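K.L.:
sharing a model prediction with you, sequence too.
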Amino acid sequence: AKVRKIKLVSRLSESVTHSPNKNSPNFTFNKDAGMYVCKAGHMSIKKTITGKKKREKTGSAAVRTYFFDVEKCKLCPYREGCYKEGSKTKSFSGTLMSTIHSEQKTYQETEEFKALAKERYKIEAKNSELKHGHGYDVASGRGLFGMELQGAFTIFAANMKRIFALLGD
């Protein structure tokens, strides 16, 4: 995007800005809530960040930790290998990438981004129509070229349907 001078009008998900670790497959990030969810569907109840000041001064990575309700963990069917018996807390931590997304994070705080983000819902409605109404949700071809072809044909078909509807045919 930067090379092509494209401005991204979408907030970065913390799942993008976190480095993966060995437990990542057991946890998914809920972007709307801003929290991680475990394999059993329990959402974290609190999050903290450590090393933020150090990160700002040195560029080294900070760590964000998400805490879960340990009482739910004690009864969880997936607790083996996840919850250590007798533990008073259950957490999941991820290292925040230090520089890769920093420019986008800064841009997200600008008035320009905020104004564009308010208009984004119009584009999302069209994207939703293409995905759900015209089957553009799963690429049937392999690779980027296949995806580009599928996108072009889907958009063409959607526009043809609109034209025929306007013509009354």
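P.N.:
Yep, that arrived.

K.L.:
list the buried residues in the strand or helix carrying F113.
P.N.:
Applying DSSP states H and E as the criterion places F113 in helix 111-128. Using 16 or more other CB atoms under 10 Å as the burial criterion, the residues of helix 111-128 that qualify are F113. Any C-beta I mention is one placed from the backbone N, CA and C, and that applies to glycine too.

K.L.:
CA atoms only for it - export them in PDB, please.
P.N.:
Output of helix 111-128 as PDB, limited to C-alpha atoms (Å, rounded to 0.1, in the frame of the first residue of the first chain):
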ATOM      1  CA  GLU A 111      -8.600  13.600  11.200                       C
ATOM      2  CA  GLU A 112      -8.300  12.400   7.600                       C
ATOM      3  CA  PHE A 113      -8.500   8.800   8.600                       C
ATOM      4  CA  LYS A 114     -11.500   9.400  11.000                       C
ATOM      5  CA  ALA A 115     -13.400  11.300   8.200                       C
ATOM      6  CA  LEU A 116     -12.700   8.500   5.700                       C
ATOM      7  CA  ALA A 117     -13.600   5.800   8.200                       C
ATOM      8  CA  LYS A 118     -17.100   7.400   8.700                       C
ATOM      9  CA  GLU A 119     -17.700   6.900   4.900                       C
ATOM     10  CA  ARG A 120     -16.400   3.300   4.900                       C
ATOM     11  CA  TYR A 121     -19.800   1.800   5.700                       C
ATOM     12  CA  LYS A 122     -21.000   2.600   2.100                       C
ATOM     13  CA  ILE A 123     -18.200   0.600   0.600                       C
ATOM     14  CA  GLU A 124     -18.700  -2.200   3.100                       C
ATOM     15  CA  ALA A 125     -22.400  -2.500   2.100                       C
ATOM     16  CA  LYS A 126     -21.300  -3.100  -1.500                       C
ATOM     17  CA  ASN A 127     -18.600  -5.500  -0.500                       C
ATOM     18  CA  SER A 128     -21.200  -7.400   1.500                       C
END
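
K.L.:
give me phi/psi at F68?
P.N.:
Backbone geometry at F68, expressed as degrees, to the nearest 10, gives phi -110, psi 160.
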